[in-house]
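In: Model the following, please.
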Amino acid sequence: MALMPGLQINIGQQLKLTPQLQQSIKILQYSALEVQQTISTTLETNFMLELDEDGPDEAEEFDAADSEYEEEPINEASETELDIESSDTLSDDLQADYEWEEVYIDSPISNSIKSSNNDDYTAPENYTSAEVTLSEKLYWQSDIYSWSDSQEVIASYIIDDIDDEGYLKTPLEDIMASIQKNEPDLIISIADIEQVLFVIQQFEPTGVGARNLSECLILQLKALPQNPYVVTAIKIIEENFDLLSVRDYKRIKKIYLLNDEELMEVIHVIQALSPRPGREYSSTQGEIVIPDLKLYRSKDGFIVELNQDAFPRLTINSAYIDMAGSLGADNSDTKQIKEQLIEAKGLIKSIQSRGETLLRVGKYIIEKQARFFEEGEQAMQPMVLRDVAESLELHESTISRATNQKYMQTPRGTFELKYFFSTGVSQYGSDDQSAIAIKSHIKQLIEGEDPNKPLSDNKLMALLEEKDINVARRTIAKYREALHIPSSSERKKLNKFK
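Out: Numbering: from 1, shown residues only. Predicted coordinates:
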């Protein structure tokens, strides 16, 4: 059968995302810090976008002036050629770009955004002294040590391979191979590397350069003033570290002929050691969290609003619009101004849409979790993405984007919005309980238990039933493990040597 060209007509539906919608989705899923970075980058490349440093009053006056500009164009030629005022793409929404305060005026939860003091101020806790890294600390000690030429080279390779926690996890054979590859004239052996490593292990912080946990603890014990308990601790770690790891204290007492008091002293010596000696030189600056929403308590309840300090106020540079009006349509500058204007308006709309969505989600969370803000975690209600999506008539993916890496500052602290989402645990004949609330009850019961008689999972189940919380023992065990709380037998052993 011969193949011949032909034409076919097919009818079908296809969904395409406009560039503006794609940008809105991207801006919505950004964190506050990422939005700030996007704004900063756009300000550097788009001359139509600028910061609105005027207060609300000045902005309103500018809106009025802009409206006059729309009603009375500079000349007919500019109106016809550039078509800024009559274009469906640009004119209908131009005025809205400046009305930052009025975007959410219909929202019952926040009908205005308060003015803020934009004075530059840095809190004292944000001023930090210069930090010394672990590598710098080790190199400083190496520089003042009297190495031979070959030992100094070996020391530099070893220090480079020590991780941030102070451990040397690279095998000595690999270090020697690396040195031989990069320093072909240097003749060394494993014994030479071990000799240099022994010296580095005497550096501060004590325990640095260890190849495993037991070696790290032994290095620290050997640096302590020697007494019977320190000597016994060294022997236990060298000979029976596995028994110590599983807290098999009965066998330890039997092997080393210790009574309870002596074993307690030995355990206290070991517990005082640092399993990660390099941590003290790690960065101490906390992660910057910028809340997108702020929650206030008023006499009528709670009020939520956008964090006006999180984002700079944006506006359109009217000077370039006036300039475009005096240029011809064929002018390259006119086309560039139009492109930049579309981009600037699109960014402003995307940020406003993001804020509106966050306010709607924040309002729903406050209404649903009102008891949490009054009573704490134990009053947390079950809530899933589907509930919010159905209530706000949005897609679940939109709610997911609006809650991920978005934070709300509340009287109880700053929380990520997705923190308020929790699955419900079915109850027999009563309302479902939030998993977060159940975990909070378990944590509270364990914190108040008798150290000598820790509560078993069965006992926790019975105590929760007294609070009308009916969950299975395996569920309690799962939540307890999620809270990183050991079993009752493990807690009893730990409490014994506290």
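In: Per-residue pLDDT of Leu347, please?
Out: Leu347 is assigned 90 on the pLDDT scale.
In: Adjust the sequence numbering to begin at 25 for everything that follows.
Out: With the count now opening at 25, the last piece we talked about shows up as Leu371.
In: The helix or strand harbouring Ile294: how far from the chain's middle?
Out: Assessed by DSSP states H and E, Ile294 sits inside helix 284-295. Mean-position distance between helix 284-295 and its chain equals 39 Å (Cα atoms, centre = their mean, to the nearest Å).
In: Against which helices or strands is that helix packed?
Out: helix 237-246, helix 252-269, helix 273-280 (3 or more Cβ pairs under 8 Å, 6 or more residues apart in numbering; DSSP states H and E). Just so you know, the C-beta spots here come from the backbone N, C-alpha and C atoms, and that holds for glycine as well.
In: Ala234 bridge partners, please.
Out: With DSSP bridges applied, Ala234 shows beta-bridge pairing to Tyr191.
In: so how far is Leu221 from it?
Out: Using Cβ to Cβ, to the nearest Å, one obtains 10 Å as the distance from Ala234 to Leu221.
In: For Thr339, grab phi and psi.
Out: When read as degrees, to the nearest 10, the backbone of Thr339 gives phi -150, psi 170.
In: So for the nearest residue to it once chain neighbours are set aside, what's the pLDDT?
Out: Sequence neighbours aside, Asp76 is the residue nearest to Thr339 in space, at 4.0 Å (criterion: Cβ to Cβ, 6 or more residues apart in numbering). Here, the pLDDT recorded for Asp76 equals 75.
In: how deep is Asp76 tucked in, by neighbour count?
Out: 16 (other Cβ atoms under 10 Å).
In: Could you measure from it over to Asn341?
Out: 10 Å.
In: can you list contacts of the helix holding Ile294?
Out: 241, 245, 248, 253-254, 256-257, 260-261, 268, 273, 276-277, 282, 520-521 (Cβ atoms under 8 Å, 6 or more residues apart in numbering).
In: Pick the most deeply packed of the helices and strands packed on helix 284-295.
Out: Of all the helices and strands packed on helix 284-295, helix 237-246 has the most neighbours on average by mean count of other Cβ atoms under 10 Å, namely a mean of 20.
In: Let's test this: mean pLDDT of it, rounded?
Out: Average pLDDT, helix 237-246: 93.
In: burial count for Lys477?
Out: Per other Cβ under 10 Å, the neighbour tally for Lys477 reads 11.
In: again with Ser464
Out: Ser464: 18 neighbours (other Cβ under 10 Å).
In: Kindly report the same for Glu398.
Out: 12.
In: my read is it is in a helix, agree?
Out: Yes. Secondary structure assignment places Glu398 in a helix (DSSP: H, G, I helix; E, B strand; the rest coil).
In: Adding distance to Phe439, write the helices and strands packed on helix 284-295 out as CSV.
Out: Output for those, formatted as CSV (distance: least, Cβ to Cβ, whole Å):
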stretch, distance to Phe439
helix 237-246, 35
helix 252-269, 36
helix 273-280, 41
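In: The ones you listed: which one's closest to Ile203?
Out: Of all those, it is helix 237-246 that lies closest to Ile203, at 22.1 Å by Cβ to Cβ.
In: That closest one - contacts with which helices or strands?
Out: Under the contact criterion of 3+ Cβ pairs under 8 Å, 6+ apart, the helices and strands touching helix 237-246 comprise helix 252-269, helix 284-295.
In: Leu243: what's it in contact with?
Out: Applying Cβ under 8 Å, 6+ apart, the residues near Leu243 are Gln225, Thr230, Gly231, Gly233, Ala234.
In: on that earlier part again, next, show the common contact partners of Asp76 and Asn341.
Out: Joint contacts of Asp76 and Asn341 (Cβ under 8 Å, 6+ apart) do not exist.
In: shaky segments in the stretch 275-424 of the chain?
Out: When residues are selected by pLDDT under 70, those of the stretch 275-424 of the chain lie in 307-311, 348-355.
In: returning to what we had before: quick check: the farthest pair among the contacts of helix 284-295?
Out: Longest span within the contacts of helix 284-295, Cβ to Cβ: Leu248 and Lys520, 23.3 Å.
In: so what does the helix or strand harbouring Val59 touch, helix or strand wise?
Out: Counting by DSSP H and E, the element that carries Val59 is helix 56-69. Using 3+ Cβ pairs under 8 Å, 6+ apart as the contact test, the elements touching helix 56-69 are strand 73-75, helix 356-392.
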